[in-house]
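K.L.:
Any chance you can model this:
(2 chains)
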There are 2 protein chains.
Amino acid sequence: VARFPDAEIIAVGSELLTPARLDTNSLYLTEKLNALGLEVVRKSVVGDHRERLAGAIRGAMASAEVVIVTGGLGPTEDDVTRDAAAQALGRTQSFRQEIADWLANRFAKMGRNMAEINLRQANVIDGAEILPNPNGTAPGQWVEQDGRVVMLLPGPPRELRPMFETECLPRLRERCPKQIIQTLFYRIAGMGESDLDALIAPVYTRYTNPATTVLAAAGDIQVHLRARCEAAEEAGALLAEVGPAIEALLGDRIYSRNGDSLEVVVGKLLRDRRETLAAAESCTGGMLGERITTVPGSSEYFAGSLVTYTPRMKVEVLRVDPRLIAEHTAESEPVALAMAEGARQRAGSTYALSITGIAGPGGGREDVPPGTVFIGLAGPSGTEVKRFRFPGDRERVRGFAVQTALDLLRRSITRATSPMAWMQPR
Amino acid sequence: VARFPDAEIIAVGSELLTPARLDTNSLYLTEKLNALGLEVVRKSVVGDHRERLAGAIRGAMASAEVVIVTGGLGPTEDDVTRDAAAQALGRTQSFRQEIADWLANRFAKMGRNMAEINLRQANVIDGAEILPNPNGTAPGQWVEQDGRVVMLLPGPPRELRPMFETECLPRLRERCPKQIIQTLFYRIAGMGESDLDALIAPVYTRYTNPATTVLAAAGDIQVHLRARCEAAEEAGALLAEVGPAIEALLGDRIYSRNGDSLEVVVGKLLRDRRETLAAAESCTGGMLGERITTVPGSSEYFAGSLVTYTPRMKVEVLRVDPRLIAEHTAESEPVALAMAEGARQRAGSTYALSITGIAGPGGGREDVPPGTVFIGLAGPSGTEVKRFRFPGDRERVRGFAVQTALDLLRRSITRATSPMAWMQPR
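P.N.:
A predicted model of the protein is given here:
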């Protein structure tokens, strides 16, 4: 079997060596490299220190064929990656007028003056290919030497990711032996990581190929299957054996097979049916609206969210009966129900979701401890409210609430024959 | 000035090189080392590979006086840390009967048989001190050589942390000069990273002590100054020299000197004045409300946010005159103004912020390209609207808009003598 090159990743930045920060670009890069068949044999974080970084790059070139350096390409004195890489490679740099012109043009378009120091970003290591950066001011660089490749990439993920996918992946693919990797990817809502693992581990642990990975965030789990073979039919057959077995166990808790987020899935369901959604939020403070509107074009199906953080606003904007609040408190099933109906009426939408509860850390009552959240859904066939108790701190509780609300709507729409079937306990 | 030893951390484990896992022990260790005055100059993750790990340990010893290796001390074939460290140090290992006895005793107490392979954990590098592990089976090791120290510590945090605090911290303290670290920390809104750096670099680059670090996110910049001296007065004097010079340049763009986020700063201003805030959002979809309500207790001053994503909702909920929208479009100064006033009236609040604009990527018009955002502020002394053009993709534009809106409110409140002074061009 042909050998794949080994890879080493170096993240640059003194701030990444502080107790509060982690380099996460390496996770993204590892996933992409693994998908090509490359193994990451070491990853490091080095501060903004030219000599140390040059030493780290030299060390990496001694043990790996692919060296990726992220960050430190900005315009300031602290940005030492260009100089350190040139030093490690024993090469000089040249000022490239075409980059300077492009930078000046970019600043002009935004109506800003370019500072003199930005011209540093026009310095390129001799012999390097320039990797264009449509999303920032720092161009990347690709240098080959002695059968090795050293890539210099910008640190911000929104710049690094498109550059890596457009510029680096195609070049790396040419350096790899021809193998076939096929993947299956599920996103799952409505269960915890350990429950999910207990459910599907008896299936996936029987196989090393495909390899299975389970990733979890609040209320959102991803399951990846990855088959690596010399022929496409072989990889397809492996996935056709394991995938359906896992799907059968997870059922409609799988909300996506193509990587789409829950807000994208819900948006497509609404758009396809020409239906609309509104929201009424209390403890989530706007997070539900924010999630839904991360999707470009969401105004086609999303009317808005009425964030009523005080009782007065619930009465004034959502027309909740003040006696309901007085009798049951604002964090209660009757108020969640009235909020959903009020939002649906105000917006004239097909559906309305409501969220009210106690995100914590304080504010709990004996019968309603922190983490308790009521989620309502008003729709053409009536209104229902469900009570939840979510674990974790304030942000985690809020994240669970939003994810769960979106999932309730998804299930309600997709179980068309029995819209409120999700209300029944399983 | 006496020099502090530099530290390097190496985490061992192939599982830490997968796309789903991060080494977090290094964050804990960095915090403890920084508190002693030691700086972490590099941290790495290396797989379960003896030769590579030995190389990494040798490299670390060449550039740092304190080398901490975590993980890989278990009993299996994969656990290569003992052998790799012995190789890097050029020393042999000896079987230590007292560890074997202690292990056998530990297993017996738990009513389990000790597997033969556990005896590997009784191998100790010649000349090393044994670091007892009351919480697991892997003893740590402390080895000194050529003025350097190499520590081998177990990977599980519940084993590593007590061992580090009981065994390593006291030994490290003896190796450190008695010194004092004092810091200043500014958070700044309302300018870009390169503009800020151009402004303050002429000051901070004149000093290596205090050391200055500049970190940036969308519309939010942090500047750290860190002075390291033998006496508190000396550190204080250094900061008293550099800090005010930087403060004078940044002026009221500094919103926090204690690390508080902008939403916390704005919340305190409102609470102190017993004033309240409401919001009307369009393109940010709820992100402003979500940011404000990340602060526990924000219901004391935040009424809510009316996320009106469609023209109908702006008319229905905020009572924006539909003729304004027809004439100027929903992304315009007059509509931003009407949104702010509508939200203030609905909520009965002291202030109301409004945000409407085009987050992109699509939806722009010739005179209103993507990234254009109108931000309104209604208050006791009137209503003002400002137009902005933010760079970047949809999420970045939205992030800039929210940060800028909060900062406009902060400036309006703090410039009490001239509440709308921020409206004048600088």
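
K.L.:
Kindly report the residues of the stretch 51-200 of chain A close to chain B.
P.N.:
Counting by CB under 8 Å from any CB of the partner chain, the positions of the stretch 51-200 of chain A adjacent to chain B are A:52, A:55-56, A:59, A:63, A:74-78, A:110-112, A:115-118, A:135, A:137, A:158. For every residue, glycine as well, the C-beta is placed using N, CA and C.

K.L.:
May I have the residues that are in contact with the residue nearest the centre of chain A?
P.N.:
Geometric centre of chain A, nearest residue: residue A:261, 8.6 Å, by CA atoms, centre = their mean. Counting by CB atoms under 8 Å, 6 or more residues apart in numbering or on different chains, residue A:261 touches A:187, A:294.

K.L.:
Show the model's pLDDT score for it.
P.N.:
Note for residue A:261: predicted pLDDT of 92.

K.L.:
Below-threshold pLDDT in the stretch 1-150 of chain A: ranges please.
P.N.:
Scanning the stretch 1-150 of chain A with the threshold set as pLDDT under 70 gives A:1-2.

K.L.:
Go again with 80.
P.N.:
For the stretch 1-150 of chain A, applying pLDDT under 80 flags the ranges A:1-4, A:20, A:110.

K.L.:
What segments of it are strands?
P.N.:
Along the stretch 1-150 of chain A, the stretches classed as strands by DSSP state E, counting those that start in this stretch are A:6-12, A:39-46, A:66-70, A:93-95, A:123-125, A:129-131, A:140-145, A:148-153.

K.L.:
Give me the sheet partners of the third one and which way each runs.
P.N.:
In the sheet containing strand A:66-70, the strands it pairs with under DSSP bridges are strand A:6-12 (parallel), strand A:148-153 (parallel).

K.L.:
Serialize those to TSV and add fields for mean neighbour count.
P.N.:
Shown next, in TSV, are the strands paired with strand A:66-70 (neighbours: other CB atoms under 10 Å in any protein chain shown):
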stretch	mean neighbour count
strand A:6-12	26
strand A:148-153	24
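
K.L.:
so can I have CSV of the ones you listed showing distance to residue A:88?
P.N.:
Shown next, in CSV, are the strands paired with strand A:66-70 (distance: least, CB to CB, whole Å):
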stretch, distance to residue A:88
strand A:6-12, 10
strand A:148-153, 8
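
K.L.:
Surely residue A:151 touches residue A:141?
P.N.:
Yes. With contact defined as CB atoms under 8 Å, residue A:151 and residue A:141 form a contacting pair (7.2 Å).

K.L.:
Pull the contacting residues for residue A:348.
P.N.:
Residue A:348 neighbours (CB under 8 Å, 6+ apart): A:276, A:303, B:312, B:316.

K.L.:
was I right about the first one contacting residue A:352?
P.N.:
Going back to what we said before, that points to residue A:276. No. Residue A:276 is beyond contact range of residue A:352, at 9.4 Å (criterion: CB under 8 Å).

K.L.:
These two: which has the busier surroundings?
P.N.:
residue A:352 (29 against 19; other CB atoms under 10 Å in any protein chain shown).

K.L.:
Can you give me every residue that contacts that one?
P.N.:
Residue A:352 touches A:277-280, A:340-344, A:376-379, counting by CB under 8 Å, 6+ apart.

K.L.:
Of those, which belong to strands?
P.N.:
A:277-280, A:376-379 (DSSP state E).

K.L.:
Return only those of the residues you listed found close to chain B.
P.N.:
Applying CB under 8 Å from any CB to the ones in strands among the contacts of residue A:352, those adjacent to chain B are A:278-279.

K.L.:
Break down the stretch 201-350 of chain A into its helices, ranges please.
P.N.:
Taking DSSP state H, counting those that start in this stretch to define them, one finds helices in the stretch 201-350 of chain A at A:232-250, A:262-273, A:287-292, A:311-318, A:322-328, A:333-347.

K.L.:
now the longest one, how far from the centre of its chain.
P.N.:
Once both centres are worked out by CA atoms, centre = their mean, to the nearest Å, helix A:232-250 turns out to sit 25 Å from its chain's centre.

K.L.:
One more: the shortest one?
P.N.:
Taking CA atoms, centre = their mean, one finds helix A:287-292 lying 15 Å from the centre of the chain it belongs to.

K.L.:
contact partners of it?
P.N.:
Here helix A:287-292 makes contact (CB under 8 Å, 6+ apart) with A:263, A:266-267, A:277, A:279, A:281, A:298, A:302, A:304-305, A:307, A:353, A:355, A:398-399, A:401-402, A:405-406, B:281, B:284-287, B:289-290, B:307, B:309.

K.L.:
just to revisit the earlier point, minimum distance to residue B:176: which of the strands paired with strand A:66-70 has it?
P.N.:
Closest to residue B:176 of these is strand A:6-12 (CB to CB; 27.0 Å).

K.L.:
on that earlier part again, let me know which of the strands paired with strand A:66-70 is the nearest to residue B:181.
P.N.:
Here strand A:6-12 is closest among the strands paired with strand A:66-70 (CB to CB), at 23.6 Å.

K.L.:
For the closest one, output the C-alpha coordinates as PDB.
P.N.:
Listed next in PDB are the C-alpha coordinates belonging to strand A:6-12 (Å, rounded to 0.1, in the frame of the first residue of the first chain):
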ATOM      1  CA  ASP A   6       2.500  12.700   7.600                       C
ATOM      2  CA  ALA A   7       1.300  16.100   8.700                       C
ATOM      3  CA  GLU A   8       2.300  18.500  11.500                       C
ATOM      4  CA  ILE A   9       0.300  21.600  12.500                       C
ATOM      5  CA  ILE A  10       1.700  24.600  14.200                       C
ATOM      6  CA  ALA A  11      -0.600  27.300  15.600                       C
ATOM      7  CA  VAL A  12       1.100  30.700  16.200                       C
END
